[in-house]
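Q: Generate coordinates for the sequence data below:
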Amino acid sequence: MGVGKDGEPTENFQLGMELHAKYTLFCEGCRGHLGRQLNEHFKLGKDADPQVYGIGIKELWEIDPAKHKPGLVIHTAGWPLEKDTYGGSFLYHTENNQVMVGFVVGLAYQNPYLSPFEEFQRYKTHPAIRKYLEGGKRVSYGARAMTAGGLMSLPKLVFPGGALVGDDAGFLNAARIKGSHAAIKTGMLAAEAAFDAVQAGRQSDELAAYPEAFKQSWLYTELHKARNFKQWMSKGLYLGTLMVGVEQKLLGGNVPWTLHHQHRDHEMLKPASQCKPIEYPKPDGKLTFDRLSSVFISNTNHEENQPAHLTLKDATVPVGINLKTYAGPEARFCPAGVYEFVKVDSDEDRLQINAQNCVHCKTCDIKDPTQNIVWVTPEGGGGPNYPNM
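A: Now for the predicted structure:
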């Protein structure tokens, strides 16, 4: 706490804590800052498929009580995305005349002109969704990446002195868009393995009992049945829907074949010259909105006098490669208006990073085609504040 933009301590400086433990469980959620480094350092994913991701954008609305149907759940796939781009939505009627509405876009999309945020805004204009939201009030907004690779993309879960738990490892059932139950279960399994190890006088070794217990659990069975979901959906809406239906509804997930991911999401963008720009409609401020008004109701805040937590390995890459080859996709894949290409006095372009807007979704860290953006942890307490989300 209290480090200034220049990297020097300010009058509010507080020394960070060092945690010395016999075992450390990492539970940071999708694309965890430390989990990513642990994956790289210990090469935990070397025997697994590449991890793939989606970005989920979500709003909380208060709607007309006459339209509210407690318990109603609506899931959709496809529209308004093109048929070769994976995506889908959810709309949940919750308590107090509120609904949660969200849209997920697979980050393996190929067109650099695509904007997940704008696709979500378009989705809300569909008659089946509009009818619930019109006349209502948007209460909150947020965005978060989610792991979607499933069972085949799980890295090795343990390493000397620690383990990955929940979505830090990739425990999410993408077919159901559900991961909380998996985080709870893997947390329990890792805790039990650590408890037994400490009781036996061990420390700092690999908790082999944790992955072994996972393989014997109901969670493994569930994820095994859903192991091909994202792989099929990446082959297009119609073939994907057909095959997921055959596997899940007809055969109950008990199939003899397993599909594999071959590429990471950041490798999938095509050069802008090979793609068609997408014209998105202007927001109306009632049903559809812009990024900045959305960030405002996410209650995002960062201490401004701190080192930027959105870092670049090479400051020349955004303009020299990303803008030149891919039309600056970071200005579109970010759902918070963090990345902006602006003209300087010499009429040249530069990338402006509005780190104050960041909602910690991690999409930039995942989708940047050159892997030049690295998301690091900002000062403690900073970021979005999501009530009831």
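Q: how about the spatially closest residue to N388 that is not a sequence neighbour, what does it touch?
A: Distances taken as Cβ to Cβ, 6 or more residues apart in numbering put L60 closest to N388, at 6.1 Å, once the chain neighbours are dropped. Heads up, the C-betas are built off the backbone N, CA and C, glycines and all. Going by Cβ atoms under 8 Å, 6 or more residues apart in numbering, L60 touches Q98, V99, M100, R138, V139, S140, Y141, N388, M389.
Q: ok, 6 Å please
A: M100, V139, S140, M389 (Cβ atoms under 6 Å, 6 or more residues apart in numbering).
Q: same question, V359
A: With Cβ under 6 Å, 6+ apart, V359 has these contacts: A143, S298, T300, A336, P384.
Q: Is the first one part of a helix or strand, or is it coil?
A: Secondary structure for A143, judged by DSSP: H, G, I helix; E, B strand; the rest coil, is strand.
Q: Enumerate every residue touching it.
A: I57, P335, V359, C361.
Q: so what's the backbone phi/psi at the third one?
A: In this case it means V359. Per-residue torsions, V359: phi -100, psi 10 (degrees, to the nearest 10).
Q: Going by residue numbers, what spans are helices in this structure?
A: 33-42, 116-123, 127-133, 180-199, 209-215, 218-225, 229-233, 237-245, 291-296, 317, 324-326, 330-333, 363-367 (DSSP state H).
Q: Quick one: closest of the ones you listed to K69.
A: Nearest to K69 among the helices of the chain is helix 127-133 (8.6 Å), distances taken as Cβ to Cβ.
Q: residues of the closest one that come out buried?
A: I129, Y132, L133 (16 or more other Cβ atoms under 10 Å).
Q: from these, which is closest to A148?
A: I129 (22.5 Å).
Q: Kindly provide the distance from that closest one to F120.
A: With distances taken as Cβ to Cβ, to the nearest Å, I129 is found 11 Å from F120.
Q: again with G179
A: Using Cβ to Cβ, G179 is found at 20 Å from F120.
Q: same question, T316
A: 32 Å.
Q: So between these two, which is more surrounded?
A: Between T316 and F120, counted using other Cβ atoms under 10 Å, the more crowded position is F120 (28 against 10).
Q: so what's the backbone phi/psi at G253?
A: phi 80, psi 0.
Q: Per-residue pLDDT of it, please?
A: Per-residue confidence at G253 stands at 78 (pLDDT).
Q: Done for today, thanks.
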